[in-house]
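K.L.:
fold the stuff below for me.
(one chain, ligands or ions: 1)
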Amino acid sequence: MRFAIFSDIHANLEALEAVLADAHKRKCTHFVCLGDVVGYNANPHECVGRIRKLDCPIVKGNHDEQASLPESSSDFNELAERAIKWTRDNLTEEDKQWLRELPLQRQVHDFTIVHATLDTPAQWGYVFNNLDAAASLTYQHTTVCFFGHTHVPMVFIRDEAVRRESIEHIRIEPTKKYFINMGSVGQPRDGNWRAAYCIYDMENTLVEQLRVKYDLAVAQKKIIKAGLPRLLAERLAIGR
Ligand code: ZN
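P.N.:
Down below sits the predicted model:
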């Protein structure tokens, strides 16, 4: 089985289609989504439809949660809040119900998936350092767990201690634990504008991080035409 694992699509349909096409080309047999299907960009309804059609395992992100509520219940910055209000108006009731009912975490074959953290998944904390990762790893009962939320690809490995690695190919060893972030499809924040995802090849115990070009200009035009903040279009080009 070859899993294409992707997160933080954020209503960027061009980036999502590019990732799915790349995954098909690379002979992926299964798809897994780590949440934040909506928020920020201009195609929330279309992205929900595309993911629903895949009928793949998925967990809920904080933007999925906020977009599916009648009004915001947690603090978003001004930019995210303006986008989430627009998103609410551009989703159907059926889209919202689907988003609302997504689970916070789940196991898929031999690995776990969660949007933010395993220790307190409903609080949407960010894992950027070894200490944050160690808290999640305490609750991790599978060798591998994939997470999203930060939009920055990084890998935490626990053997004697927890250490952070930035590697493109990860060989999974059963004596260790791996907490892996594959970055964001629709709004990367590591200074690289290309859509990020990873492939987990179960038989070969290999995780590969990938980047895919997509039609950035079209995604930007849609954001501006929708009346969403211009900054949301500009940040896509610089990967921040
Ligand atoms: Zn996100």
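
K.L.:
need the residues of the chain near the ion, please.
P.N.:
Along the chain, the residues adjacent to the ion under the rule C-beta under 5 Å from the ion are 8, 36. For glycine as for every other residue, the C-beta is placed from the backbone atoms N, C-alpha and C.

K.L.:
so what touches the strand or helix carrying Asp132?
P.N.:
Here Asp132, judged by DSSP states H and E, is contained in helix 130-138. Under the contact criterion C-beta atoms under 8 Å, 6 or more residues apart in numbering, helix 130-138 has outside partners 114, 117-119, 125-127, 145, 147, 156, 158, 161-164, 177, 179.

K.L.:
helix or strand next in line after it, which one?
P.N.:
Going down the chain from helix 130-138, the next helix or strand is strand 144-147, by DSSP H and E.

K.L.:
can you map out the strands along the chain?
P.N.:
2-6, 30-33, 105-108, 111-114, 144-147, 154-158, 162-165, 169-171, 177-181, 195-201, 206-212 (DSSP state E).

K.L.:
out of those strands, nearest to Tyr40?
P.N.:
Judged by C-beta to C-beta, the one of the strands of the chain that comes nearest to Tyr40 is strand 195-201, at 13.7 Å.

K.L.:
if I look at Asn90, how far off is the ion?
P.N.:
Distance, Asn90 to the ion, by C-beta to the ion, to the nearest Å: 17 Å.

K.L.:
contact partners for that residue?
P.N.:
Contacts here follow C-beta under 8 Å, 6+ apart; on that basis Asn90 touches 44-45, 226.

K.L.:
quick one on the thing from earlier: would you reformat the strands of the chain as a markdown table and include distance to Gly61 and mean pLDDT?
P.N.:
Formatted as a markdown table, the strands of the chain follow (distance: least, C-beta to C-beta, whole Å; pLDDT from 0 to 100):
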| stretch | distance to Gly61 | mean pLDDT |
| --- | --- | --- |
| strand 2-6 | 12 | 98 |
| strand 30-33 | 9 | 98 |
| strand 105-108 | 12 | 98 |
| strand 111-114 | 10 | 98 |
| strand 144-147 | 11 | 98 |
| strand 154-158 | 18 | 96 |
| strand 162-165 | 22 | 88 |
| strand 169-171 | 23 | 93 |
| strand 177-181 | 13 | 97 |
| strand 195-201 | 15 | 98 |
| strand 206-212 | 20 | 97 |
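
K.L.:
dump these to CSV, plus mean neighbour count.
P.N.:
Compiled in CSV, the strands of the chain are given as follows (neighbours: other C-beta atoms under 10 Å):
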stretch, mean neighbour count
strand 2-6, 24
strand 30-33, 22
strand 105-108, 16
strand 111-114, 24
strand 144-147, 25
strand 154-158, 20
strand 162-165, 14
strand 169-171, 13
strand 177-181, 24
strand 195-201, 25
strand 206-212, 19
